[in-house]
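Visitor: Sequence and predicted structure are below.
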Amino acid sequence: MPEPVIASVGASPLGRTDLPGRDLFSVALAEAFDGLPDPADLVEAVYVGNQSESYEHQIMYGTLLAEWAGLRHVPAERVEGCAAAGALALRHAVKDVRNGEHEAVLACGVEKMTSAGTSGATDALSAAFDRAIEQRSGITAPSQYALLAQRYLHETDATERDLAEIAVKNHANAAHNPRAQFPKEIDVATVLDSDPIAPPLKLFDCAPVGDGAAAVLVTTEELAADLDRPQVRVAGSGASANNIAVAERDMTDIAGARIAAETAYEEAGIDATDVDFAEVHDAFTVCEALLAEAVGFAPSGMGYQSYREPAERADGWTDVQLSPSGGLKARGHPIGATGLLQALEAYEQLTGAAGDRAVEGAETALLLNEGGVADAVTVGHVLTTAEAP
Amino acid sequence: MSDADLDATDPRTLPGFFDALADGELLGGVCADCGQVLLPPRPACYACGSRAVDVEPQSHDGEIYTYTAVHTPPPAFAADAPYTVAVVALADGGRLLGRVAADYADVAIGDPVELTVREPTAAEREVALDYETDWPVHVFEPR
Ligand SMILES: [Zn+2]
């Protein structure tokens, strides 16, 4: 079987921008194809991660972005899975290359979240929850995750201060990331004193609303070599859906994430201890703690120590670094693009292009992208350097 | 599969479930194979995949499993904020999310609550889809 690799990446600016979605995509695509043949000479299929037509009153994003890339008569489709749409698009591209259907597939994602203000984004995101019970009860994304956080704080030794420290760590990482929406350090008091959003979560526990697009070119090893591109192997991919309603799930054992990660580990022939760094779906601070436990980095109840240096963590923790990009919290979370921004970070880390945020000696990364609340759907990918065994 | 005649009177559909709820009866699906409670009822059990799902009345009594308060509501509920929302563990084994008729500060995990049912308000009807207009709303009252 052909070995799928990432051969190039690009992104638009992240945050509040004056560009609509298709134009954000054009910027991301231009970076990804800098120094390469035109997309029309390479790309055989397009997948677009996109959360919602609420922001731009636009579906048919596969057709639209293929056209804006100069492609015609290729298979192209929008992939929907709320915030996991980006990694689902990547997974489709990887499968197409692996099964020999295509040699080069464009996985991209785009979201124009700032078009209708915070209340517009709140409303659009609430569509990810069960309509009959959850939406009609007035639940929101932060309040869904607050339900998880409240339970997590009840069951473990974690405190609101620990969750705040996770935000502080991710902002410190983002300070070294020129792509980040918030490339600045913050302190614990800033988090703890920020406005209540859904207790125990406060404003600085939450990833921001923002615009953004990302483009990832997935090819065969051979094509990437012909193009003379640094390449990163997609060694494993897994996905798992869980109940739509959070009430019916285990709220502190994120089973979908565990299954998605274990599937990806197994395909890659690794286990959790082999992962040097992970980009995890910290839409809210508590997610990082829960996901660290779910994917085997931390013992049960100890995931909240993710902000600590490896030597300071409880026994049973691996020495993984979490979200060197700054994560969703500080790098940014333009919903449909997020899974591909995670892949972009791993590509830069594993090809020596991460500058002063480089994770030393990193060879293996786990990407974990979620949609809906927590593991309503989770996608996991294992990425490795071309040299890794 | 024997659900080809499933219609809106069947409590394994949302109209059927809400019709019963409007009459004050909370119906749950109960898996005949593994016992999993499904709220609302549906044709298949997520826990084991069985399609042998019985529909049975569920106790209205429960305990707060986890809770929060919504300070940044969707536009449709802006007038209500902040309001308390919880996941409640019901006495018959199911768990259900809903509003709690109490201030956040007065709620704690483990608190006993009772499910009550009311008609939708004018504001709720305003934002309802056509087929949802008369669906009742459940609220957990502290006991
Ligand atoms: Zn069952």
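Guide: Good, I have the coordinates.
Visitor: could you pull out the helices for the stretch 101-250 of chain A?
Guide: Using DSSP state H, counting those that start in this stretch, the helices found in the stretch 101-250 of chain A span residues A:117-126, A:141-155, A:160-174, A:188-192, A:221-226.
Visitor: quick one: buried residues of the last one?
Guide: I take that to be helix A:221-226. Within helix A:221-226, the residues that count as buried by 16 or more other CB atoms under 10 Å in any protein chain shown are A:Glu221, A:Leu223, A:Ala224. All C-beta spots, glycine's among them, are computed from the backbone N, C-alpha and C.
Visitor: Please apply the same query to the fourth one.
Guide: Residues of helix A:188-192 classed as buried under the neighbour-count rule (16+ other CB under 10 Å) are A:Thr190, A:Val191.
Visitor: send the alpha carbons of it over as PDB?
Guide: Below are the C-alpha coordinates for helix A:188-192, written out as PDB (Å, rounded to 0.1, in the frame of the first residue of the first chain):
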ATOM      1  CA  VAL A 188      -3.000  32.400  36.800                       C
ATOM      2  CA  ALA A 189      -4.700  35.400  38.300                       C
ATOM      3  CA  THR A 190      -5.800  36.500  34.900                       C
ATOM      4  CA  VAL A 191      -7.600  33.200  34.400                       C
ATOM      5  CA  LEU A 192      -9.000  32.900  37.900                       C
END
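Visitor: hey, which helix or strand in the chain has the poorest pLDDT?
Guide: This is for chain A. Least confident element among the helices and strands of chain A, by mean pLDDT, DSSP states H and E: helix A:117-126 (a mean of 93).
Visitor: wait, chain B
Guide: Ranked by mean pLDDT, DSSP H and E, the weakest helix or strand in chain B is helix B:122-127, scoring a mean of 93.
Visitor: So what are the sheet partners of the next helix or strand after that helix and their directions?
Guide: As assigned by DSSP states H and E, the chain's next helix or strand after helix B:122-127 is strand B:137-142. Paired with strand B:137-142 in the same sheet, following DSSP bridges, are strand B:95-100 (parallel), strand B:112-118 (antiparallel).
Visitor: Kindly reformat these as CSV containing distance to A:Ser194, mean pLDDT and mean neighbour count.
Guide: Putting the strands paired with strand B:137-142 into CSV (distance: least, CB to CB, whole Å; pLDDT from 0 to 100; neighbours: other CB atoms under 10 Å in any protein chain shown) gives the following:
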stretch, distance to A:Ser194, mean pLDDT, mean neighbour count
strand B:95-100, 24, 98, 24
strand B:112-118, 30, 98, 17
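Visitor: Export these as a markdown table, with columns for distance to A:Ala116.
Guide: Listed next are the strands paired with strand B:137-142 as a markdown table, based on distance: least, CB to CB, whole Å:
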| stretch | distance to A:Ala116 |
| --- | --- |
| strand B:95-100 | 25 |
| strand B:112-118 | 31 |
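Visitor: Including distance to the ion, could these go into a markdown table?
Guide: Listed next are the strands paired with strand B:137-142 as a markdown table, based on distance: least, CB to the ion, whole Å:
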| stretch | distance to the ion |
| --- | --- |
| strand B:95-100 | 15 |
| strand B:112-118 | 23 |
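Visitor: closest to B:Ala20 out of the ones you listed?
Guide: Of all those, it is strand B:112-118 that lies closest to B:Ala20, at 10.0 Å by CB to CB.
Visitor: thinking again about what came up before, out of the helices of the stretch 101-250 of chain A, point me to the one whose mean pLDDT is lowest.
Guide: Lowest mean pLDDT within the helices of the stretch 101-250 of chain A: helix A:117-126, a mean of 93.
Visitor: pLDDT below threshold where in chain B?
Guide: For chain B, applying pLDDT under 70 flags the ranges B:1-2.
Visitor: how's it carved up into domains?
Guide: Under the assignment automatic domain parsing, the domains of chain B span B:1-58, B:59-143.
Visitor: Okay, now the last one: how far is its last residue from its first?
Guide: Read it as domain B:59-143. For domain B:59-143, the separation between the terminal residues is 14 Å (CA to CA, to the nearest Å).
Visitor: Check stretch A:370-379 too.
Guide: Stretch A:370-379: ends 6 Å apart by CA to CA.
Visitor: Then stretch A:93-112?
Guide: Note: stretch A:93-112 ends 23 Å apart using CA to CA.
Visitor: before we move on, back to that, residues contacting the least confident helix or strand of chain B, please?
Guide: Contact with helix B:122-127 is made by A:Arg136, B:Ala76, B:Ala79, B:Thr133, B:Val137, as judged by CB atoms under 8 Å, 6 or more residues apart in numbering or on different chains.
Visitor: PyMOL command for the buried members of these?
Guide: For anyone working in PyMOL, the buried entries among these, judged by 16+ other CB under 10 Å, can be selected with:
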select buried, (chain A and resi 136) or (chain B and resi 76+137)
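Visitor: Let's have the contacts of helix B:122-127 in TSV, adding distance to the ion.
Guide: Output for those, formatted as TSV (distance: CB to the ion, whole Å):
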residue	distance to the ion
A:Arg136	26
B:Ala76	35
B:Ala79	41
B:Thr133	33
B:Val137	29
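Visitor: With distance to A:Val320 added, can I get the contacts of helix B:122-127 in a markdown table?
Guide: Formatted as a markdown table, these follow (distance: CB to CB, whole Å):
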| residue | distance to A:Val320 |
| --- | --- |
| A:Arg136 | 40 |
| B:Ala76 | 41 |
| B:Ala79 | 45 |
| B:Thr133 | 51 |
| B:Val137 | 44 |
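Visitor: Grab the two from the contacts of helix B:122-127 that are most spread out in space.
Guide: Pairwise over these, using CB to CB, the maximum falls at B:Ala79 and B:Thr133, 19.0 Å.
Visitor: Is there proximity between the longest strand along chain B and chain A?
Guide: Ranked by number of residues, the top strand in chain B under DSSP state E is strand B:61-70. Yes: judged by CB under 8 Å from any CB of the partner chain, strand B:61-70 comes into contact with chain A at B:Tyr65, B:Thr66, B:Tyr67, B:Thr68, B:Ala69, B:Val70.
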